[in-house]
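**Q** Build me a model from this:
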Amino acid sequence: MKMRNNNKGFTLIELIMVTIILGILAAVAVPRYMGTVNRAEAAAEDAVLSALEANAEAYAMEKFMDTGRKSYPANPFDGASVDGYTTGATSVTNSGDWAFDGTVILHKRNDDSVWSWTYTSTNDATGQADDRGSFGARSTSSVSNVD
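**A** Coordinates of the predicted model:
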């Protein structure tokens, strides 16, 4: 009687090769994914800042209509609805939090990095016919977990 050699399954070499290929794919895919996440968060921040700028301009135009002089809000979040912003908050503790400390807008991303923008609302009653409000460029804090 002949014995049949009926091997079913994968050899050790085949399994090792598949593991190596999956490792290479993961090494390539994860950084690309994280880059996409960072770009998405930056785009969301840009949208919030655009809304804050539009809100500040609307406030200034309203003041101009009332007083004849543009005046920008001391807090750019006044009159705006931003997810993650708590009125009076001056620091960020959780991912997605927004805060304003009087001169700097802060946002904490999901990777715990804190990004900031300067905001000025000059109130120079003796200067130009209108005050100037401005939003600074984006910068990052090297310190994570800012409280």
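**Q** C-alpha from now on. contacts and neighbour counts both.
**A** Fine.
**Q** show me what contacts Leu106?
**A** 91-92, 98-100, 114-117 (CA atoms under 8 Å, 6 or more residues apart in numbering).
**Q** Pull up the pairing partners for the strand or helix carrying it, direction included.
**A** Assessed by DSSP states H and E, Leu106 sits inside strand 104-108. Here strand 104-108 is paired, per DSSP bridges, with strand 98-100 (antiparallel), strand 114-121 (antiparallel).
**Q** quick one, helices of this protein?
**A** 12-67 (DSSP state H).
**Q** now it, which segments are flagged as low pLDDT?
**A** Low-confidence segments of the chain (pLDDT under 70): 1-6, 123-133, 141-147.
**Q** what about 50?
**A** Along the chain, segments meeting pLDDT under 50 span 142-147.
**Q** and the residue nearest to Glu41 when sequence neighbours are not counted, what does it touch?
**A** Spatial nearest neighbour of Glu41, excluding adjacent residues (CA to CA, 6 or more residues apart in numbering): Arg109 at 7.2 Å. Arg109 makes contacts with 41, 95-97, 115, as judged by CA under 8 Å, 6+ apart.
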